[in-house]
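K.L.:
Structure of the sequence below:
(one chain, ligands or ions: 1)
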Amino acid sequence: MLVHMLSARAYPGASVQGVGRVHVLLAVCTGAALFGRHIAATGGSERPAGPSDRRVRATYGSIRPPAAYAASVEIGDGTRCVHGGHTADGAPGSPLHPGPVLSTTFHLDDALPDYFYGRPGNPTWTALEEAIGTLDGGECVSFASGMAAIGAVLRLTARSGGAIVLPSDGYYVTRALAHAELDPLGVEVREVPTPGPWPDRVLDGATLLLVETPSNPGLDVCDIRTAAAAAHAAGALLAVDNTTATPLGQRPLALGADLTVASDTKALAGHGDVLLGHVSTADPALAQRLREARTRGGAVPGPMEAWLAHRGLGTLDLRLSRQAVNAEALARALRGHPAAGDVRWLGLPDDPSHPVAAAQMRRWNGVLRFTLPSSEAVGRFLAASRYTASATSFGGLRSTADRRERWGDAVSPGLVRFSAGCEDTGDLVDDVLRALDRV
Ligand SMILES: Cc1ncc(COP(=O)(O)O)c(C=O)c1O
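P.N.:
Below is the predicted model of the structure:
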């Protein structure tokens, strides 16, 4: 029964840090094969490089990976973050750190080059997409925001008279978008809780199952492999919102998902100064449909945003490591504080989500949650904390906390989603405990 397939199960012996190597190999091979893939959006086909591409590449670098990089499959997350998408051939005098290509217009020739106008394609996006695609293990299509990416997936998969299934406890704007835009078109939008149980036959007639695991803000999880099997048995695609985990924390495509979507506004870009999103898929035809949808819809990333996100991605491995250390220290300290209840962080072995998360995630991150006695108590906590900013995003350098009830999430008024930043662990824990003492 689907209910049982999707509810928490025991997964003995899973080591989150240890599951990566085979995936690294697969992803790098796939990513290497994807280097050089370009968008010639109007016709939907890939075109060979035209002569005028050479000018773009002279400033941005060759789109082919150096042979040594392509052949190197046993490389770690840090190396992949630092080098992904940086494929310049090292010609003397060419920049090691090329800037964004801001031009919307490109020199044309008789043959249409890869880049001919700023809405169908831009070399700065291509570099970012190569980097993210390599990490995701698929072809990446970047969008102007996480919601632009999710919107493209919903519009591309929804069918009048059919159904799509979404998390009832995930990011609220996904539900709002589906109800506002798909309900009127005769698409049934069904909602299920991330950890289950799910009603029998909830996938009947569905064209898309979108799960968000870990969910925001609840940090509940579902088993991606099982969700993929259930979706495929029903004839639906499975998309996973991987925002909280990031491509380093979880590879949904390797677990059977058809699409992985994310808000790169969060940890991937990581500095709170970029709005961006992406969809990755291992199905080239689906990737092409997404690129065409992006070109038609126009929800394209700005080159400056893509460049900043690519720069931020370079330190994702480092940032996640510090954030996870900080989150674990905070979670353990919070559990000992009388004001904080229901402390949840996926890495804690007794967290209800831990068994399923450990079986499918590669590493933990900096997002935790806890509950204070009231909304006013959260206000006092935030006012007293020196290093915690009251802000509604997560995954950034600075620690932030969000009172989720204010956004209409069905959560207790005192629920705090806390995003541990990259501060020194001792400073952050001391500060948070001191602020909690004033609650
Ligand atoms: C899980 C999740 N998905 C998608 C989004 C939407 O992303 P964006 O704000 O980049 O549009 C968010 C934003 O908070 C999110 O938390």
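
K.L.:
near the ligand, which residues of this structure?
P.N.:
Where the chain comes near the ligand, counting by C-beta under 6 Å from any ligand atom, the residues are Ser145, Gly146, Met147, Tyr171, Glu212, Asn216, Asp241, Thr243, Ser263, Thr265, Leu275, Gly277. (Each C-beta comes from the backbone N, C-alpha and C, glycine too.)

K.L.:
Now tabulate those in JSON lines and tack on pLDDT.
P.N.:
Output for the residues of the chain next to the ligand, formatted as JSON lines (pLDDT from 0 to 100):
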{"residue": "Ser145", "pLDDT": "98"}
{"residue": "Gly146", "pLDDT": "98"}
{"residue": "Met147", "pLDDT": "98"}
{"residue": "Tyr171", "pLDDT": "96"}
{"residue": "Glu212", "pLDDT": "98"}
{"residue": "Asn216", "pLDDT": "93"}
{"residue": "Asp241", "pLDDT": "98"}
{"residue": "Thr243", "pLDDT": "98"}
{"residue": "Ser263", "pLDDT": "98"}
{"residue": "Thr265", "pLDDT": "98"}
{"residue": "Leu275", "pLDDT": "98"}
{"residue": "Gly277", "pLDDT": "98"}
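
K.L.:
In helices, which of the residues you listed fall?
P.N.:
Among those, the ones falling in helices (DSSP state H) are Gly146, Met147.

K.L.:
Tell me if I'm right that Asn242 and Leu253 touch.
P.N.:
No. With contact defined as C-beta atoms under 8 Å, Asn242 does not reach Leu253; the gap is 9.5 Å.

K.L.:
overlap in contacts of those two?
P.N.:
Asp136, Thr260 (C-beta atoms under 8 Å, 6 or more residues apart in numbering).

K.L.:
residues in contact with the residue in the stretch 301-439 of the chain that the ligand sits nearest to?
P.N.:
Among the residues of the stretch 301-439 of the chain, Ser393 lies nearest to the ligand; the distance is 6.3 Å by C-beta to the nearest ligand atom. Listed by C-beta under 8 Å, 6+ apart, the contact partners of Ser393 are Thr265, Lys266, Gly272, Thr400, Asp402, Ser419.

K.L.:
Who wins on neighbours among the residues you listed?
P.N.:
Counting neighbours by other C-beta atoms under 10 Å, Ser419 comes out on top of the contacts of Ser393 with 28 neighbours.

K.L.:
Could you list the residues in contact with the helix or strand Glu376 falls within?
P.N.:
Glu376 belongs to helix 375-384 when elements are defined using DSSP states H and E. With C-beta under 8 Å, 6+ apart as the test, helix 375-384 has contacts from 339, 372, 388, 390, 401, 403, 405, 413-414, 416, 434-436, 438-439.

K.L.:
Would you list the phi and psi of Pro284?
P.N.:
Phi and psi for Pro284, reported as degrees, to the nearest 10, are phi -60, psi -30.

K.L.:
That one: neighbour count?
P.N.:
Counted with other C-beta under 10 Å, residues neighbouring Pro284 total 13.

K.L.:
Just list the residues touching it, thanks.
P.N.:
Counted by C-beta under 8 Å, 6+ apart, Pro284 has contacts Glu139.

K.L.:
any idea of the pLDDT on it?
P.N.:
Listed pLDDT for Pro284 reads 98.

K.L.:
what does the one 5 residues further on give?
P.N.:
pLDDT recorded at Arg289 is 98.

K.L.:
and it, that's in a strand?
P.N.:
No. Read with DSSP: H, G, I helix; E, B strand; the rest coil, Arg289 is helix and lies in no strand.

K.L.:
can you tell me the helix or strand for the closest residue to it other than its chain neighbours?
P.N.:
Residue nearest to Arg289 in three dimensions, not counting chain neighbours: Leu156, with 6.1 Å by C-beta to C-beta, 6 or more residues apart in numbering. Element membership of Leu156, judged by DSSP H and E, is helix 146-157.

K.L.:
list the buried ones in that helix?
P.N.:
By 16 or more other C-beta atoms under 10 Å, the buried positions in helix 146-157 come out as Gly146, Met147, Ala148, Ala149, Ile150, Gly151, Ala152, Val153, Leu154, Leu156, Thr157.

K.L.:
Please pull out the lowest mean pLDDT helix or strand from this protein.
P.N.:
Every helix and strand of the chain was ranked by mean pLDDT, DSSP states H and E. The lowest is helix 20-34, at a mean of 33.

K.L.:
So Leu102 versus the ligand, what's the distance?
P.N.:
Going from Leu102 to the ligand by C-beta to the nearest ligand atom, to the nearest Å gives 22 Å.

K.L.:
Just confirm that residue is within a strand.
P.N.:
No. Assigned with three-state DSSP, Leu102 falls outside any strand and is coil.

K.L.:
quick one: buried residues of the one helix or strand Val432 maps to?
P.N.:
Applying DSSP H and E as the criterion places Val432 in helix 425-437. Buried residues in helix 425-437, defined by neighbour count with 16+ other C-beta under 10 Å: Thr425, Leu428, Val429, Asp431, Val432, Leu433, Ala435, Leu436.

K.L.:
thinking again about what came up before, dihedrals phi and psi, the residue of the stretch 301-439 of the chain closest to the ligand?
P.N.:
Per degrees, to the nearest 10, the backbone of Ser393 is at phi -150, psi -180.

K.L.:
just Gly170 next, same as before
P.N.:
When read as degrees, to the nearest 10, the backbone of Gly170 gives phi -90, psi -160.

K.L.:
so the nearest residue to it once chain neighbours are set aside bridges to which residues?
P.N.:
Spatial nearest neighbour of Gly170, chain neighbours left out: Glu212 (3.5 Å); criterion: C-beta to C-beta, 6+ apart. Beta-bridge pairing of Glu212 under DSSP bridges involves Asp241.

K.L.:
what about Glu212, neighbour count?
P.N.:
Residues within reach of Glu212, counting by other C-beta under 10 Å, total 26.

K.L.:
wait, isn't it in contact with Asp241?
P.N.:
Yes. Applying C-beta under 8 Å as the test, Glu212 and Asp241 come out as touching, 3.9 Å apart.

K.L.:
Common neighbours of those two, please.
P.N.:
Taking C-beta under 8 Å, 6+ apart as the criterion, Glu212 and Asp241 both touch Gly170, Tyr171, Thr174.

K.L.:
can you tell me which residues contact the residue of the stretch 151-300 of the chain at minimum distance from the ligand?
P.N.:
Of all residues in the stretch 151-300 of the chain, the one sitting closest to the ligand is Ser263 (2.9 Å; C-beta to the nearest ligand atom). Shown in contact with Ser263 (C-beta under 8 Å, 6+ apart): Ser145, Gly146, Met147, Ala149, Tyr171, Thr243, Leu276, Gly277.
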